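Student: Provided below are the primary sequence and the corresponding predicted coordinates.
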Amino acid sequence: MAYKVKRGARELRLGPTEFKLLRYFMERAGRVLTREQLLDGVWGQNVYVEDRTVDVHIRRLRKALNEKGEPDLIRTVRAVGYCFEKA
């Protein structure tokens, strides 16, 4: 099954992990999520992945989502995690 993601009229190119991450964020928009919650929700509870892996995929997702002049939809909450802001 193929999914398409758009921001406005622009179609985004996302890898499978970035897509899962975006979907997880969108289902919980406005809530602050810890790295651990993101790891469990996107990668699964029985998978060992470094916490900083989340940061790498957040960076990739931000790069795909945000063009110059557009507000960043993912807010970093220092010492806690991340929050997806509704557009």
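Tutor: Sure, I can see it. Numbers count the residues shown, from 1 in each chain.

Student: contacting residues around the longest helix along the chain?
Tutor: For the chain, the longest helix by residue count, based on DSSP state H, is helix 51-65. Helix 51-65 has contacts (CB atoms under 8 Å, 6 or more residues apart in numbering) with 7, 12-15, 17-18, 21-22, 35-36, 38-39, 42-43, 72-74, 82. All C-beta atoms are positioned from the backbone trio N, CA, C, and that covers glycine.

Student: the same query, at a cut-off of 6 Å, please.
Tutor: For helix 51-65, the surrounding residues in contact (CB atoms under 6 Å, 6 or more residues apart in numbering) are 12, 14, 17, 18, 21, 22, 35, 38, 73, 74.

Student: just the buried subset of those residues, written out for PyMOL, thanks.
Tutor: The following PyMOL line selects those of these that are buried, judged by 16 or more other CB atoms under 10 Å:
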select buried, resi 12+14+18+21+22+35+38+73+74
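
Student: list the ones among the contacts of helix 51-65 that fall in strands.
Tutor: Using DSSP state E, the members of the contacts of helix 51-65 that fall in strands are 12, 74.

Student: would you mind giving the contacts of helix 51-65 as JSON lines with pLDDT and distance to residue 65 added?
Tutor: Converted to JSON lines, the contacts of helix 51-65 look like this (pLDDT from 0 to 100; distance: CB to CB, whole Å):
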{"residue": "12", "pLDDT": "93", "distance to residue 65": "7"}
{"residue": "14", "pLDDT": "93", "distance to residue 65": "9"}
{"residue": "17", "pLDDT": "94", "distance to residue 65": "14"}
{"residue": "18", "pLDDT": "96", "distance to residue 65": "9"}
{"residue": "21", "pLDDT": "97", "distance to residue 65": "11"}
{"residue": "22", "pLDDT": "96", "distance to residue 65": "8"}
{"residue": "35", "pLDDT": "92", "distance to residue 65": "19"}
{"residue": "38", "pLDDT": "95", "distance to residue 65": "16"}
{"residue": "73", "pLDDT": "94", "distance to residue 65": "6"}
{"residue": "74", "pLDDT": "96", "distance to residue 65": "7"}
